[in-house]
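> I would like the atomic coordinates for the input below:
(chains A and B)
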Amino acid sequence: MSEPGALIEVHHLTHVYHAGTPQEVRAVSDVCLTVRRAEFLALVGGNGSGKSTLAKHLNALLLPTEGRVLVDGLDTRDPQALWEIRRKVGMVFQNPDNQIVATVVEEDVAFGPENLGLPPEEIRLRVEEALRAVGMLDYRRREPHLLSGGQKQRVAIAGVLAMRPQCLVLDEATTMLDPEGRREVLQTAHRLREQEGIAVVHITHNMEEAAQADRVVVLHQGRVALEGTPHEVFRDLPRLRSLQLDLPEVAELSWCLRRRGVPLQGTPLDPAELASQLLRVRGVVA
Amino acid sequence: MVCEGLVHVYLRGTPFEAVALRGVDLVVRRGECLGLVGPTGSGKSTLVQHFNGLLRPTEGRVVVDGVEVRPGSPAVRDVRRKVGLLFQYPEHQLFEATVFDDVAFGPRNLGLDPEEVAERVRESLQWVGLDPDRFGSRSPFSLSGGEMRRVAIAGVLAMRPQVLILDEPTAGLDPAGRREILARIRELHRKARLTVVLISHSMDDVARLCQRVVVLHQGRVFLDAPVREAFAQADRLRGIGLDVPRATDVLLRLRAAGLPVRCDRLTAEEACEEIVRVLQGGQGWSSSGA
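Numbering: from 1, shown residues only, chains lettered A, B, ... in the order given. Here you go, the predicted structure:
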């Protein structure tokens, strides 16, 4: 039943908070989803769409009310597999100020490997490798609270990398950052995907960021409402609006132009792509 | 609101001394909607905290509605009432048990009688699109992020300010929440006739809302121009690490390739009209083919 290349398989996942009480909320309903090895997947949806609840199932921070989640073949409901699952799938959260535990950057990154009981030499090696991978090696002896938001998030990513994971889940990890911090974090994630083959699940409501993913999954009211490449998902403005989302600005412009009869191919998502198509339409050589 | 030669140095005379503003001259006119943009650390937040007397100028002066603002002077109370300042993530500052009490906090501190307070709370909640009967008795912490932020804005509006300064009001909201907040700010500007200063990293938000944009860079005014002129200077903006609205970016590329489009179109709809106009004005696309 396993799809080739699948790293995480979510089968008919339902999650109910406060089951059996008046506050009962069905946050995720019958979701099926596969995260493939080394893919960059964007998970988008409005507030209350269930995206964070779903994300917390990817490394057993939450367990299914119904259905199941397999991480590299391990069932998240199996307590014996818990540590292995958390090592394979690491998460970085929204607020850069409350994920860092140590007073020196390299000690923070060492926290995970130390808990694995690895020999000191191995820990040192992993910390160095992880900080280098996120471009923060020069800051190894700094105090984390003096770093920018983007730098703190990269340290948090390094903490995950030191566990040699197969998947990095960014749970709105760019939401509180300024544009520069966002760029730093996203470039880091894209580079890890390309160079280390680490799958990335990026949860965001920034449509420009989602447009850079290999695949986009749209959640709405706890269900998968749309799924496909960014070109497929960002084709239809009214449909996305009805799902409480928006198009990336250039996709919206492409949508307007097509509606006015300009023959565009697909849904250009970035300024260069759209401009070159328009020049071709005009018969001007780009 | 006027700043003249405004300089602000944090922790002057200590090893941590940092110059945030290096001589800012700026006039904010009554009734305008001004976008204040700049890279992180350019001094935007420092600047606006002078407008309601939270910070004292190291040099220069700040005048609001004809009165010089000096922290500690009696006039400051008056200025704080006139100039409502909303920090980033203002919902972190909600603390009362109900939405009503939270919005009522400011007016009660003014010593207004309970009927007047209730009236102001109703009015403020309506301005931000929250039904006072439905939301008044709820806990602010049971609301969505976008709703909480609107409650925080209502708390400022309940002081009946003339100026509303918003620091990144859409940060962290989902697209629906963001659209809602921007629509409410537009209404407060147009219908309630508030003067609005919008600090934002989102050039698309500034383009949609503001008439004038002031760009700060390293504690100085780098550019002060009507919004359309400002964003047509893409090279200057990019030079200091800022973006232009992405629709404008498409137009700039077309123009660079020789298409006679105007580049002072800022939103997707405006850019679309401009491109269609130019394509149809030429031989169009039917004859040239794709």
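
> near chain A at all, stretch B:228-235?
No - contact of stretch B:228-235 with chain A (C-beta under 8 Å from any C-beta of the partner chain) is absent, the minimum separation being 10.8 Å. Where C-beta positions appear, they are placed from N, C-alpha and C, glycine not excepted.

> A:Arg36 pairs with what?
With DSSP bridges as the criterion, A:Arg36 is bridged to A:Ala6.

> and it, how many neighbours?
Using other C-beta atoms under 10 Å in any protein chain shown, the number of residues around A:Arg36 comes to 16.

> residues in contact with the residue positioned nearest the centre of chain B?
Compute the mean C-alpha point of chain B, and by C-alpha atoms, centre = their mean the closest residue is B:Leu198, 1.0 Å away. Counting by C-beta atoms under 8 Å, 6 or more residues apart in numbering or on different chains, B:Leu198 touches B:Cys33, B:Leu34, B:Gly35, B:Leu36, B:Leu166, B:Pro169, B:Ile185, B:Asp205, B:Val206, B:Leu209, B:Cys210.

> just the ones of the residues you listed in strands?
B:Cys33, B:Leu34, B:Gly35, B:Leu36, B:Leu166 (DSSP state E).

> neighbour count added to the contacts of B:Leu198, as a markdown table?
Compiled in a markdown table, the contacts of B:Leu198 are given as follows (neighbours: other C-beta atoms under 10 Å in any protein chain shown):
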| residue | neighbour count |
| --- | --- |
| B:Cys33 | 22 |
| B:Leu34 | 24 |
| B:Gly35 | 24 |
| B:Leu36 | 26 |
| B:Leu166 | 25 |
| B:Pro169 | 27 |
| B:Ile185 | 23 |
| B:Asp205 | 21 |
| B:Val206 | 24 |
| B:Leu209 | 20 |
| B:Cys210 | 24 |
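
> which of these lies closest to B:Ile240?
B:Leu36 (14.3 Å; C-beta to C-beta).

> right, and that closest one touches B:Ile199 too?
Yes - under the criterion of C-beta atoms under 8 Å, B:Leu36 makes contact with B:Ile199 at 4.8 Å.

> got any residues that touch both of these two?
With C-beta under 8 Å, 6+ apart as the test, B:Leu36 and B:Ile199 both reach B:Lys44, B:Val48.

> give me the phi and psi angles of the residue lying closest to A:Arg182 once chain neighbours are set aside.
What sits nearest to A:Arg182 in space, not counting adjacent residues and going by C-beta to C-beta, 6 or more residues apart in numbering or on different chains, is A:Thr174, at 4.5 Å. For A:Thr174, the backbone dihedrals are phi -100, psi -10 (criterion: degrees, to the nearest 10).

> can you list the residues of the stretch 51-200 of chain A near chain B?
Residues of the stretch 51-200 of chain A found near chain B (C-beta under 8 Å from any C-beta) are A:Gln94, A:Ser148, A:Glu172, A:Thr175, A:Met176, A:Asp178, A:Pro179, A:Glu180, A:Gly181.

> redo that, cut-off 7 Å
A:Thr175, A:Met176, A:Asp178, A:Pro179, A:Glu180 (C-beta under 7 Å from any C-beta of the partner chain).

> which of those residues sits closest to B:Glu147?
Distance ranking of those against B:Glu147, using C-beta to C-beta, places A:Thr175 first at 17.1 Å.

> what residues are up against the closest one?
A:Gln94, B:Gly172 (C-beta atoms under 7 Å, 6 or more residues apart in numbering or on different chains).

> how does it look with 10 Å?
A:93-95, A:182, A:203-206, B:145, B:171-174 (C-beta atoms under 10 Å, 6 or more residues apart in numbering or on different chains).

> ok, A:Pro165 next?
Per C-beta under 10 Å, 6+ apart, neighbours of A:Pro165: A:Asn59, A:Arg86, A:Arg87, A:Lys88, A:Val89, A:Gly90, A:Met91, A:Gly112, A:Leu192, A:Glu196, A:Ile198, A:Ala199.

> quick revisit: wasn't the residue nearest to the centre of chain B part of a strand?
Yes - under DSSP: H, G, I helix; E, B strand; the rest coil, B:Leu198 sits within a strand.

> relative to chain A, how far out is it?
16 Å (C-beta to the nearest C-beta, to the nearest Å).

> might one say that B:Val214 is in contact with B:Arg29?
No - using C-beta atoms under 10 Å, B:Val214 is not in contact with B:Arg29, being 12.0 Å away.

> thinking again about what came up before, and the residue nearest to the centre of chain B, how close does it get to B:Arg190?
Computed as C-beta to C-beta, to the nearest Å, the B:Leu198 to B:Arg190 distance reads 14 Å.

> what's the overlap in contacts for the two?
Common neighbours of B:Leu198 and B:Arg190 (C-beta under 10 Å, 6+ apart) are B:Cys33.

> re earlier: more neighbours, B:Val214 and B:Arg29?
B:Val214 (23 against 11).

> what number of residues lie near residue 65?
With no chain named, the answer covers chain A. Neighbour tally, A:Thr65, other C-beta under 10 Å: 14.

> right idea, wrong chain: chain B
Using other C-beta under 10 Å: B:Asp65 sits among 15 other residues.

> same thing with the one 5 residues further on?
Look at B:Arg70: counted by other C-beta under 10 Å, it has 15 neighbours.

> and it, what element?
Assigned by DSSP states H and E, B:Arg70 belongs to no helix or strand.
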